[in-house]
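Participant: make a model of this:
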Amino acid sequence: MSIFTGSAVALVTPFTKDDHVNYEKLQELIDFHVDNGTDAIVIVGTTGEGSTLSMEEHSECIRQAVAMTKGRIPVIAGTGSNATETAVSLSREADSFGADAILVVTPYYNKATQKGLKEHYTSVAKSVNIPLIIYNVPSRTGCRVDATTAAELVREVDNIVGMKDATGDISYAADLMNLSGGDIELYSGNDDQVLPLLSLGGLGVISVLANVAPQKTHDMVDSYLKGDLSTAGKIQIDAIPLIHALFSEVNPIPVKYALNAMGMEVGHLRPPLTEIEDAHAKVLVDEMKKFGIEVRS
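Facilitator: Numbers count the residues shown, from 1 in each chain. A predicted model of the protein is given here:
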């Protein structure tokens, strides 16, 4: 049984004005997503600014998210690191808190070989009793899991079950599905390529767009999986300008601005991220309105 099908939101981490994690707001966000069609929560990933959270904040966000979600939808914890020992420690904590799965980004900066990646993912997976999803995003990490390596990991390690594919390379996804015999839970990591990956046997998306349009993101995947390709295709195509605006600057700069513009009050970004440029903000607000999202400020 798959961890989820549909739309998992790559959730932002809200901050208070004095730069603490705003757990009251986190509860509001989780309830908002449960009530608006989101199929799973991904906590403290890239969009959740996991790289600028302390180890204590990182762990507490996972613990709180599991407690707040109360089993209504799965919680997937971002536990990747460029140090295997750190990834193991974070993953064990997530397991102990009751997370349903872990999302483990490729080690960044180190530029591990494929042998090193196999050893890294095997060590992390064998340290826990919950499923592991490989997060392949070479544009941010400088490190790419080859399709052959990923297929071998899924075949050889029981609880390595899936891939968040943010390579942007449809041919890569096709090779991965071929080499794994389709025996992998494939999720799009790019909001503008959801339907192409679904057409190759994917199960859904781990989405930035879902932060601001949870129901439509869910409906896009759900419609496709039910055979309503016309509805799914229309949502995907109509969303393209908004998706471009949400990535006009490095994620999560635009999406946090968008949520604040919706009145969600998720707070600031942690340095070295900076607030969105005015020109990008204007385009983003315009595209949100065109997509039917209410903007309050």
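Participant: roughly how far does Leu209 sit from Asp18?
Facilitator: According to CB to CB, to the nearest Å, Leu209 and Asp18 sit 30 Å apart. Placement of C-beta: from N, CA and C, glycine included.
Participant: got it, and Gly263?
Facilitator: The value you get for Gly263 to Asp18, if CB to CB is used, is 21 Å.
Participant: equivalent analysis for Ile134, please.
Facilitator: From Ile134 to Asp18 the distance is 36 Å (CB to CB).
Participant: neighbour-wise, which of those two wins?
Facilitator: Ile134 (25 against 6; other CB atoms under 10 Å).
Participant: which SS state does the more buried one fall under?
Facilitator: Here Ile134 is strand, with the state taken from DSSP: H, G, I helix; E, B strand; the rest coil.
Participant: spit out the contact partners of it.
Facilitator: Listed by CB atoms under 8 Å, 6 or more residues apart in numbering, the contact partners of Ile134 are 104, 106, 121, 145, 150, 153, 160, 162-164.
Participant: now, which of those residues lie within helices?
Facilitator: Mapping the contacts of Ile134 onto helices (DSSP state H) picks out 121, 150, 153.
Participant: count of neighbours near Gly181?
Facilitator: Gly181 sits with 10 neighbouring residues when counted by other CB under 10 Å.
Participant: confirm it sits in a strand?
Facilitator: No - under three-state DSSP, Gly181 falls outside any strand and is assigned coil.
Participant: and it, how far is that from Arg155?
Facilitator: From Gly181 to Arg155 the distance is 9 Å (CB to CB).
Participant: remind me which helix or strand Asn260 belongs to.
Facilitator: helix 253-261 (DSSP states H and E).
Participant: buried stuff in the following helix or strand past that helix?
Facilitator: Using DSSP H and E, the helix or strand that follows helix 253-261 in sequence is helix 278-290. Neighbour counts using 16 or more other CB atoms under 10 Å place 280-281, 283-285, 287-288 of helix 278-290 among the buried residues.
Participant: could you do stretch 238-252 as well?
Facilitator: Those would be 239, 242-243, 245-249, 251-252, for stretch 238-252 by 16+ other CB under 10 Å.
Participant: pull the residues that contact it.
Facilitator: Taking CB under 8 Å, 6+ apart as the rule, stretch 238-252 contacts 12, 46-49, 191-192, 208-209, 212-213, 216, 220, 254-255, 258, 269, 273, 276-277, 280, 283-284, 286-288, 290-291.
Participant: can you say which of the residues you listed are buried?
Facilitator: In terms of neighbour count (16+ other CB under 10 Å), the buried residues within those are 12, 46-49, 191-192, 208-209, 212-213, 216, 220, 254-255, 258, 269, 273, 276, 280, 283-284, 287-288, 291.
Participant: residues touching Asp165, list them.
Facilitator: Here Asp165 is in contact with 136, 172-173, 176, 186-190, 197 (CB under 8 Å, 6+ apart).
Participant: most neighbours, which of those residues?
Facilitator: Tyr187 (33 neighbours).
Participant: ok but it is inside a strand, no?
Facilitator: Yes - the assignment for Tyr187 (three-state DSSP) places it in a strand.
Participant: show me the contact partners of the least confident helix or strand in the chain by mean pLDDT.
Facilitator: Least confident helix or strand, the chain: helix 138-141 with a mean of 94, by mean pLDDT, DSSP states H and E. Helix 138-141 has contacts (CB under 8 Å, 6+ apart) with 46, 105-109, 144, 166-168.
Participant: let me know the closest of those to Phe4.
Facilitator: Nearest to Phe4 among the contacts of helix 138-141, counting by CB to CB, is Ala166 at 17.2 Å.
Participant: what separation do you get for that closest one and Gly204?
Facilitator: 14 Å.
Participant: shared neighbours of those two, anything?
Facilitator: Ser188.
Participant: more crowded one of those two?
Facilitator: Shown here are Ala166 and Gly204; by other CB under 10 Å, Gly204 has more neighbours (28 against 21).
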